[in-house]
Each structure stands twice: as structure tokens, then as C-alpha cells.
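>>> Any chance you could fold what I've pasted below:
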Amino acid sequence: MKQPAFVHGHTIQRVATIGCVLLYSLSFMANSSPIGVEALRGDINRALISGNLAAIDTLATQHPEVPQVVFDVARARIRYDLEASSTDAKLCEAALESSEPKIAFYCARLFAGNLRLEGKLREAAREELNIAQRYAEKLSSKDLANPDLAHANDLIDLPLMTKQIPGETFSVPLLRDRKGHMTTRLNVDDVNVNFIVDTAAYTILSAETAKAVHAHVVQEEDGTAYGASGYGAKKKLAIVDTLKIGEATLHNLPVAVADIGIDVVGLDVLRFVAPVRVSKNAMRFYPGGRSAPECDQALTIGAPPWGANPQLISYQMVNGDRHSMALDTGSIFFLTGTKRAESFANGPPVQIQMGDLTARSRTAVYLPGSGTLTLAGVEHALSFMILPAYDLNYDFLIGNRALDEVDFFIDFDHRHFCVIGNEAKRAAESAVRTVMDIQRIR
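You can find the predicted model right below:
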């Protein structure tokens, strides 16, 4: 099919995200258990990945025979209350280690996953080795085997990540490049690097940048970084001595290295700095939450059960109904539908050239769609693309074009997330805005 007139070269790039689905491959044990957790584990894991509290609550109601502490571990994880989740995981393991070792083992590994989400890769690796030792006589070697255990010895001597954060608020400028990506210039081991800011990805250095900054590779094979299209790029795990984000400095920072030709800074790193307000032109950090915008809405994350990059999940109204959305500043659009949003399609399929983390250009098919998205009390009548091949764990991706209208306030320290409207724009413009995402890229 001929490329549409509004698509010029590689203008549509990484529409959904730079590595929106950067997930480890998951394997689930299939053996049955008398109290039913084995059969439910896949459902619990899917709810963890999609940050779906309602799904956990439904499972807990439907399966009263399952110890409620199993669901409590998942609920606290999704709320990013890692301390509570870890406490519940330990309770779960202690209660079931003798009677249900497979379930106890599952809870123990969820605890290790929480350590990874905290950025404690060394502690998580040591915990995986301890778990394997505890269950060596209770479970088979097949049951114990997992990629995290296989690579644990590579990580047990990692240096501790530390940080120097100023006492006052500070800002880091943001720009949009010619393709529409949000970018910022950061310093890595005394080398200035242009990064794409992608809240749906974890931090990745290109092979060229990793060489230039002398990143220390600690694991030659660290799985695969997946783009939203489902294709992957092999990655390594490395340590950089310093990453400076404005006036903050992170030391001994773990990063991924992949041969993708771009550098990405993601939410995995930004959350360790301070609560941050992301606007069109800057990221403003509030150390300790001082002088931060008022925000008491609960933060919700999705993450693989064994821990990885936390995906910020927000629930917003489209056509009056609540829909799950991944916060994705790596997307150049306002709103993009996944396979789960096909009901919003209002036209025939269109073939275009698109790219993501794993390829600069690839043939893809989208369905034109439309709907009214409500953000910070303001309705936005949108025309958007729906990507039926993007079978993700949420309905929509909300991209960086939304920052033309609102700001995102993300506070992992206090577990809050808010969409903040621009009052000046509200006063100057009508309550209903019309945004044609497809036309924006001409």
C-alpha cells in the first residue's frame, strides 16, 4: 500500500514508545496446587504487569481459599508500597514454606522482585541465591531455574548506587527534536549525552555512547529490550560511575546497553532523583517534596513479578469511561490506542512505516480512531491511531503531546501521581479542545 501523504520518511518514529514494553520473558510453573495459587499465578502476574488493582481484588473475591496475604503482596506492589509488599511476601513465605513450598517460593521471588524495583540489584541477586538454597530440598532444579538465578553471581559484588541531591528545587530543560521526541542533555562520566526522555522505558545507552563513557559491562547477556511492536534488541548490563541530572548526581548507576543508536533516560532513573513535574519545556525536581505541587492521587505501577522497570499506569476518562493508560513521553503523539482500544476505530486500516526501540523503520498497520479524553477536567476531542498489533497491557499510551496541555507530576517518594492543568490556557481557550494527532506530523 502506498505510504500516506502525511508520512515523510521516518517522521513517525517510535509512536508508542522507546521501549515501552521492556519486560523480561516470564515463565510460569504449571503444576497444580491444593489451594489454587498455581493455577492463579498467571492471572496474578498479568495483573502485576498491567498495574490492575481491580483484577487483584476480583481474584481475591473469587478465590477465598487462597491465603489473602498472596493478594496483599500484589496490591502493595501495584501501589508501589514496596515496604508493605515485602513484609507481606515474607509473611506469605513463612506461613506456606512447609505446606505449600511452590507458593512460598513464588512469594520469596516476589520479595526479590521488590528489591530490583528499589534499584537494589546486588541485594536482589544475593536473595535469589539464598532462595535457591532454601528450596534446594523442597523443589526440583527445574522449579528453581530462572534467568535471575542464572545471572545472580554476576551481580552480587555490584557497587552500591548512591546519590547527591541538592536541598532546593531545580530544573532540567527539555526540547523536542525534529521527530517530536522529548530530549535533554545530561552528563555521563564527564561526557555530555543527548537523551530521549521516555517515561515508559528504562535507561539505555547506545553501544557507541557506552564505549565513549567507558561504561563498565558487568553482564554480557542481560535479556532483551522489547519495543512496543514486540521485537527485541539484545542488551547488556553496565555501570556508569556518574550520571548528572541537573544539580543531582547518581553514582554507580546500573544501565542497559543495546545496539539501538539512541540514548534513553527512563523512569527507572528519574524516580531516584526526586518528585518531578514534567512539562513541555522542563523537568522540575522537588527534593524531599519541598514546594511540590499539591497532589494526593495514588500512584499505580505495572511491573513484571520479578522486578524491572516500573511502568506508570494512569486511569483517565475516554468518552466518559475509565481506561488504563501508560504514561509514555517517548511517544510523539497525544494519545495512541493499543489492541485493547480497537472499539474506538472509525475507519479502514492504513499501512505506514513506523519505528520503535528495535528498528528505525518497519511496516505497520494502524486504524484511525477518535474519542474525547478528559484530562485535569478539560475535554480534548482527539483523532488518534490505534495499533492492533500492539497487544499491550493497557488500553492507551498517553504521549508527550499531552504536555502541550497539561503537566505530569510524579512522586515515587510519596506514591502520588497527578495530571496538572494549565489554568492560564483554560481561561484563554474553550473547554473543549480538538487535537488531530495525525495531522500534527505533517
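
>>> Only alpha carbons, please: show stretch 129-141 as CSV.
Provided in CSV are the C-alpha atoms of stretch 129-141 (Å, rounded to 0.1, in the frame of the first residue of the first chain):
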residue,chain,number,x,y,z
LEU,A,129,20.9,-17.3,45.7
ASN,A,130,19.5,-17.6,49.2
ILE,A,131,16.1,-18.6,47.9
ALA,A,132,17.6,-21.3,45.8
GLN,A,133,19.5,-22.6,48.8
ARG,A,134,16.4,-22.6,51.0
TYR,A,135,14.3,-24.5,48.5
ALA,A,136,17.0,-26.9,47.2
GLU,A,137,15.5,-29.8,49.0
LYS,A,138,11.9,-28.8,48.6
LEU,A,139,11.7,-28.1,44.9
SER,A,140,13.2,-29.6,41.7
SER,A,141,16.0,-28.0,39.8
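
>>> Please give the centre-to-centre distance between it and its chain.
Offset of stretch 129-141 from its chain centre (C-alpha atoms, centre = their mean, to the nearest Å): 30 Å.

>>> Contacts only, for the closest residue to residue 123 other than its chain neighbours.
Of all residues not flanking residue 123 in the chain, residue 115 sits nearest, at 4.9 Å (C-beta to C-beta, 6 or more residues apart in numbering). (Glycine included, C-beta is placed from N, CA and C.) Residue 115 is in contact with 86, 121, 123-124, 127, 307, counting by C-beta atoms under 8 Å, 6 or more residues apart in numbering.

>>> rerun that using 7 Å as the cut-off
Residues near residue 115 by C-beta atoms under 7 Å, 6 or more residues apart in numbering: 123-124, 127, 307.

>>> Repeat that for residue 250.
161, 163, 242-243, 269, 272.

>>> ok, now with 10 Å
Residues in contact with residue 250 (C-beta atoms under 10 Å, 6 or more residues apart in numbering) are 119, 161-165, 240-244, 269, 272-273.

>>> And stretch 329-341, what's buried?
329-338, 340-341 (16 or more other C-beta atoms under 10 Å).

>>> Name the nearest residue to residue 106, ignoring sequence neighbours.
residue 41 (6.3 Å).

>>> nope, residue 377 is what I was after
Counting by C-beta to C-beta, 6+ apart, the residue nearest residue 377 is residue 421, at 6.3 Å.

>>> Just confirm the residue nearest to residue 106 contacts residue 70, I think it does.
Yes - when contacts are counted by C-beta atoms under 10 Å, residue 41 is listed as touching residue 70 (9.2 Å).

>>> Those two: who's more crowded?
Neighbours were counted for residue 41 and for residue 70 using other C-beta atoms under 10 Å; residue 70 has more, 28 against 19.

>>> by contact count, what packs against the strand or helix carrying that one?
For residue 70, the host element (DSSP states H and E) is helix 68-78. When contacts are defined as 3 or more C-beta pairs under 10 Å, 6 or more residues apart in numbering; DSSP states H and E, helix 68-78 packs onto helix 37-50, helix 53-62, helix 82-96, helix 101-117, strand 301-302.

>>> okay, these in CSV with distance to residue 218 next?
Below are the helices and strands packed on helix 68-78 laid out as CSV (distance: least, C-beta to C-beta, whole Å):
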stretch, distance to residue 218
helix 37-50, 26
helix 53-62, 34
helix 82-96, 24
helix 101-117, 15
strand 301-302, 26
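
>>> Dump those to a markdown table, plus mean pLDDT and distance to residue 215.
Shown next, in a markdown table, are these (pLDDT from 0 to 100; distance: least, C-beta to C-beta, whole Å):
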| stretch | mean pLDDT | distance to residue 215 |
| --- | --- | --- |
| helix 37-50 | 88 | 29 |
| helix 53-62 | 95 | 37 |
| helix 82-96 | 96 | 27 |
| helix 101-117 | 96 | 20 |
| strand 301-302 | 96 | 27 |
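
>>> Any regions of this structure where pLDDT drops low?
1-36, 38, 222-232, 355-361, 423-442 (pLDDT under 70).

>>> Quick one: the helices in it, in order.
With DSSP state H as the criterion, the chain has helices at 37-50, 53-62, 68-78, 82-96, 101-117, 121-134, 141-144, 147-150, 152-155, 207-212, 267-270, 423-428, 437-440.

>>> Dump those helices to TSV, plus distance to residue 188.
Shown next, in TSV, are the helices of the chain (distance: least, C-beta to C-beta, whole Å):
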stretch	distance to residue 188
helix 37-50	30
helix 53-62	37
helix 68-78	31
helix 82-96	27
helix 101-117	22
helix 121-134	19
helix 141-144	37
helix 147-150	26
helix 152-155	21
helix 207-212	7
helix 267-270	11
helix 423-428	36
helix 437-440	32
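
>>> Go through those and name the closest to residue 386.
helix 437-440 (11.3 Å; C-beta to C-beta).

>>> quick one on the thing from earlier: for the contacts of residue 115, which one is nearest residue 50?
Scanning these for proximity to residue 50, where the rule is C-beta to C-beta, the winner is residue 307, at 15.7 Å.

>>> Spatially nearest residue to the closest one (excluding sequence neighbours)?
Nearest to residue 307 is residue 116, by C-beta to C-beta, 6+ apart, at 2.9 Å.

>>> is it true that that neighbour touches residue 202?
No - assessed by C-beta under 10 Å, residue 116 is found out of contact with residue 202, at 11.1 Å.

>>> intersection of neighbour lists for the two?
254, 308-309.

>>> residues contacting residue 137?
Residue 137 neighbours (C-beta under 10 Å, 6+ apart): residue 101.

>>> do you know how far it is from residue 155?
25 Å (C-beta to C-beta, to the nearest Å).

>>> again, but for residue 243
19 Å.

>>> between these two, who's got more neighbours?
Neighbour comparison, residue 243 and residue 155: the larger count goes to residue 243, with 25 against 21 (by other C-beta under 10 Å).

>>> thinking again about what came up before, which residues does the residue nearest to residue 377 bridge with?
Judged by DSSP bridges, the bridge partners of residue 421 are residue 406.

>>> That one: how many residues sit nearby?
15.

>>> Just the buried ones among the contacts of residue 250, please.
119, 161, 163, 165, 240-241, 243-244, 269, 272-273.

>>> mind exporting stretch 240-259 as PDB, just the C-alpha atoms?
Backbone C-alpha positions of stretch 240-259 (Å, rounded to 0.1, in the frame of the first residue of the first chain) are rendered in PDB as follows:
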ATOM      1  CA  VAL A 240      28.300   4.200  34.900                       C
ATOM      2  CA  ASP A 241      30.300   6.000  37.500                       C
ATOM      3  CA  THR A 242      28.200   9.100  37.400                       C
ATOM      4  CA  LEU A 243      25.100  10.400  35.800                       C
ATOM      5  CA  LYS A 244      24.300  14.100  36.400                       C
ATOM      6  CA  ILE A 245      20.700  15.200  36.100                       C
ATOM      7  CA  GLY A 246      20.800  19.000  36.600                       C
ATOM      8  CA  GLU A 247      22.200  19.500  40.000                       C
ATOM      9  CA  ALA A 248      21.700  15.900  41.100                       C
ATOM     10  CA  THR A 249      24.400  13.200  40.700                       C
ATOM     11  CA  LEU A 250      23.800   9.500  40.800                       C
ATOM     12  CA  HIS A 251      26.800   7.300  41.400                       C
ATOM     13  CA  ASN A 252      27.400   3.600  40.400                       C
ATOM     14  CA  LEU A 253      24.200   3.600  38.300                       C
ATOM     15  CA  PRO A 254      23.100   0.400  36.500                       C
ATOM     16  CA  VAL A 255      22.100   1.000  32.900                       C
ATOM     17  CA  ALA A 256      21.300  -1.200  29.900                       C
ATOM     18  CA  VAL A 257      23.500  -1.100  26.800                       C
ATOM     19  CA  ALA A 258      22.000  -2.000  23.500                       C
ATOM     20  CA  ASP A 259      22.900  -1.500  19.900                       C
END
